[in-house]
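Q: starting from these lines, generate the structure:
(one chain, ligands or ions: 1)
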Amino acid sequence: MQTTSTPPITDNSSLITGNFLRACNRLPVETTPVWFMRQAGRYMAEYRAIREKYSLLEICYQPELAAEVTLQPVRALGVDAAILFADILLPAIPLGVGLEFAKGEGPILQNPVRTMDDVNNLRPVHPETDLGYVMDAIRILRGELKDVPLIGFCGAPFTVASYIIEGGASREFLKTKTMMYAAPEVWHALMDKLAAVLSDYLVAQIRAGAQAVQVFDSWVGALSPSDYEAFVLPYSHKVLQAAKSAGVPVIHFGTNTATLLPLMKRAGGDVIGLDWRIPLDDGWKLLGDDVAVQGNLDPAVLFAPLPEIKQRVHDILQRAGGKPGHIFNLGHGILQHTPVDNVKAVVDMVHEYVHK
Ligand code: CP3
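A: Numbering: from 1, shown residues only. Prediction:
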């Protein structure tokens, strides 16, 4: 006869180690984890030295170089996470849209998508091979990074679509919104395609070893909540859900999103990014306690004197209140001429802060 016994209560929380991954899971941490969007880049002399010899895309294409650039801020700053060096626009290359970074002009996508024929002509993408150099960089990094977790990333369908439609950066997103409003069938066909490609791309990164992923919807704040819900949310949801199902924490980031936060939460993410336009505690209140938050220092504050920086760093930490689930970051990427010493000082300020 079989005896029934109560199965042991499984609590995996002690198996999740490191302050960054613990905070993603809203578990208590020893000190608040901190990393920076665009922590590798032109503000660092080590990066500029490599950029003198190689273009941005050449760095991405050579996994050893991409890995080296990824490690530079980890060594110099003592951050709690590494973010893979790549770019959200890399998938445009195998899609057939083209990508070039012209000096001082930002990205240029040579074959922008404007019609249903353009959408139908997008090439199928196999991330493991077409973007294999990204997976190779991840594998190298997992061998090099000991206790520092590696974040993979992709652009969210809206932000990637905006570059693919406009052919580059944009202020008004006029071509993007015109497609949405005047040719919604083309918009939905493009978003459907991008959601599938970006989901596969993120899952490939996770399989290669990314321990968390961030989905960058940098420009989604250009939309009203109702347009976000109708034209963006289902596609972001698909990408965020694919990453979640692959078993790692997912960070959902945008800027100018104060009115979109509840909808972004509905789209998905274990962690939601907060820029500096909303106080951290107000943003977290809007989102609710069942999600972690990341942010929210204004990148321009890093140009201020240290006492001013400190006051603002402490203000954010105080607003977080020591509640499990805060990852300190900027509200957007590090700016080009940011003093490295100030960035390092912020890492130390966050790590030394004691919640009262
Ligand atoms: O350190 C990291 O954060 C990882 C590397 C990373 C890059 N791009 C390298 C890069 C990441 C996460 C990105 C994401 C990215 N790329 C976003 C989303 C994040 C954001 O800032 O909102 C966007 C919108 C892009 C597209 C892009 N790439 C633009 C608009 C530009 C040109 C603007 C500029 O600063 O010149 C890039 C170029 C780019 N990608 C640089 C870096 C470090 C610039 C430096 C260089 O040319 O060497």
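
Q: drop to CA atoms for contacts and neighbour counts, all remaining ones
A: Noted.

Q: in this structure, which helix is the longest?
A: helix 184-208 (DSSP state H).

Q: what comes into contact with that helix?
A: Outside helix 184-208, the residues within contact range by C-alpha atoms under 8 Å, 6 or more residues apart in numbering are 91, 115-116, 119, 125-128, 134-136, 138-139, 152-158, 160-161, 179-180, 212-213, 231-232, 235-236, 238-240, 242-243, 246, 248.

Q: repeat for stretch 265-277
A: Stretch 265-277 has contacts (C-alpha under 8 Å, 6+ apart) with 24-25, 233-234, 236-237, 240-241, 244, 249-258, 264, 280, 283, 287, 291-298, 325, 330-332.

Q: likewise stretch 343-356?
A: 31-35, 76-79, 302, 306, 309-310, 313-314, 317-318, 321-322, 328.

Q: now do the helices in the stretch 251-356 of the chain.
A: 261-267, 280-287, 306-320, 340-352 (DSSP state H, counting those that start in this stretch).

Q: which one of those lies nearest to residue 62?
A: helix 340-352 (25.6 Å; C-alpha to C-alpha).

Q: pairing partners for the closest residue to residue 295 other than its chain neighbours in the sheet, please.
A: Closest residue to residue 295 in three dimensions, ignoring its sequence neighbours and counting by C-alpha to C-alpha, 6 or more residues apart in numbering: residue 329, at 4.3 Å. Using DSSP bridges, the bridge partners assigned to residue 329 are residue 296.

Q: any idea how far the ligand is from residue 329?
A: 11 Å (C-alpha to the nearest ligand atom, to the nearest Å).

Q: show me the contacts for that residue.
A: 34, 35, 36, 37, 294, 295, 296, 297 are the contacts of residue 329 under C-alpha under 8 Å, 6+ apart.

Q: tell me how far the longest helix of the chain lies from the chain's centre.
A: 16 Å (C-alpha atoms, centre = their mean, to the nearest Å).

Q: so residue 325 makes contact with residue 33?
A: No: applying C-alpha atoms under 8 Å, one finds residue 325 not in contact with residue 33, separated by 9.6 Å.

Q: and for the two, which residues touch both?
A: Common contacts of residue 325 and residue 33, defined by C-alpha under 8 Å, 6+ apart, comprise residue 23.

Q: the more surrounded of those two?
A: Using other C-alpha atoms under 10 Å, the more surrounded residue of residue 325 and residue 33 is residue 325, with 28 against 25.

Q: got a list of what that one touches?
A: When contacts are counted by C-alpha under 8 Å, 6+ apart, residue 325 touches 22, 23, 24, 25, 26, 27, 28, 271, 291, 292, 293.

Q: from those residues, which two are the most distant?
A: 28 and 271 (14.9 Å).

Q: those two: which has the busier surroundings?
A: Per other C-alpha under 10 Å, whichever of residue 28 and residue 271 has more neighbours is residue 271, with 25 against 16.
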